[in-house]
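Asks: Quick check, what structure comes out for this input:
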Amino acid sequence: MMMNNMDSDNGLEALFEQARAHPPRPSEALMARIMADATAAQAQPLGFVDRLRALLHKLGGGPAVSGLITASCLGFWLGVAPPDGLPDLAGQLLVQQSDTAYEATDLAGFGWDQDEG
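Replies: Below is the predicted model:
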C-alpha cells in the first residue's frame with residue numbers, strides 16, 4: 001500500500017520541527033579545545049627582527065634589496081661627488097641657498113644650454 005504524500009510530508013515536517021526545537025549543542029570540553037586551538041593559531045605580535053624580515057620579503061628578498069641598496073649608494077655618491085663630465089648640481093644648490101647673489105641661470109642642467117647656440 002502506498003502512503004499519501006501529504007501524510008509523509010506532515011510526518012517529515014514534524015521530525016524537522018522536533019529537531020529545530022532541540023538543536024545539538026557541542027560539549028564544554030569540545031568548546032574549550034576549539035578556543036585553545038583558535039588562541040594558539042592567532043598571530044602573535046611581531047618583534048623587530050620579524051618585522052624586518054617581513055619588509056625584506058615584501059621588497060623581493062635579498063637579491064632585490066641588495067640591488068636597491070647598491071643603486072641608492074651609487075646615486076648618493078654621484079650626487080655628492082659627481083665625475084668631471086657631470087655638473088655639480090648639489091654644490092650649485094648649496095651655494096645658491098647660502099649666497100643670495102647667486103644667479104639661477106647657473107643651474108642649467110648638464111650644460112646643454114651652452115651647446116644650443
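
Asks: in stretch 14-34, what's buried?
Replies: Neighbour-count burial for stretch 14-34, counted by 16 or more other C-beta atoms under 10 Å, picks out no residue. The C-beta positions use only the backbone N, C-alpha and C, and glycine is treated the same way.

Asks: Tell me the gap between it and the middle of its chain.
Replies: Centroid separation between stretch 14-34 and its chain, computed with C-alpha atoms, centre = their mean, to the nearest Å, is 42 Å.

Asks: what is the rounded mean pLDDT of it?
Replies: Taken as a whole, stretch 14-34 has an average pLDDT of 92.

Asks: gap between the two ends of that stretch?
Replies: Stretch 14-34 has an end-to-end distance of 33 Å (criterion: C-alpha to C-alpha, to the nearest Å).

Asks: Likewise for stretch 79-88?
Replies: Criterion C-alpha to C-alpha; first-to-last residue distance in stretch 79-88 is 8 Å.

Asks: likewise stretch 78-88?
Replies: One end of stretch 78-88 to the other measures 9 Å (C-alpha to C-alpha).

Asks: Buried residues, that stretch. List them.
Replies: By 16+ other C-beta under 10 Å, stretch 78-88 has no buried positions at all.

Asks: chain center to it, what's the gap?
Replies: In terms of C-alpha atoms, centre = their mean, the centre of stretch 78-88 is set 35 Å apart from its chain centre.

Asks: swap in stretch 56-67?
Replies: 13 Å.

Asks: Taking the centroid of the protein, which residue is nearest it?
Replies: Central residue of the chain (C-alpha atoms, centre = their mean): Lys58, 6.5 Å from the mean position.

Asks: so which helix or strand takes in that one?
Replies: helix 48-59 (DSSP states H and E).

Asks: by contact count, what packs against that helix?
Replies: For helix 48-59, the elements it packs on are helix 62-80, judged by 3 or more C-beta pairs under 8 Å, 6 or more residues apart in numbering; DSSP states H and E.

Asks: Please parse this protein into its domains.
Replies: As assigned by automatic domain parsing, the chain contains the domains 48-80, 83-111.
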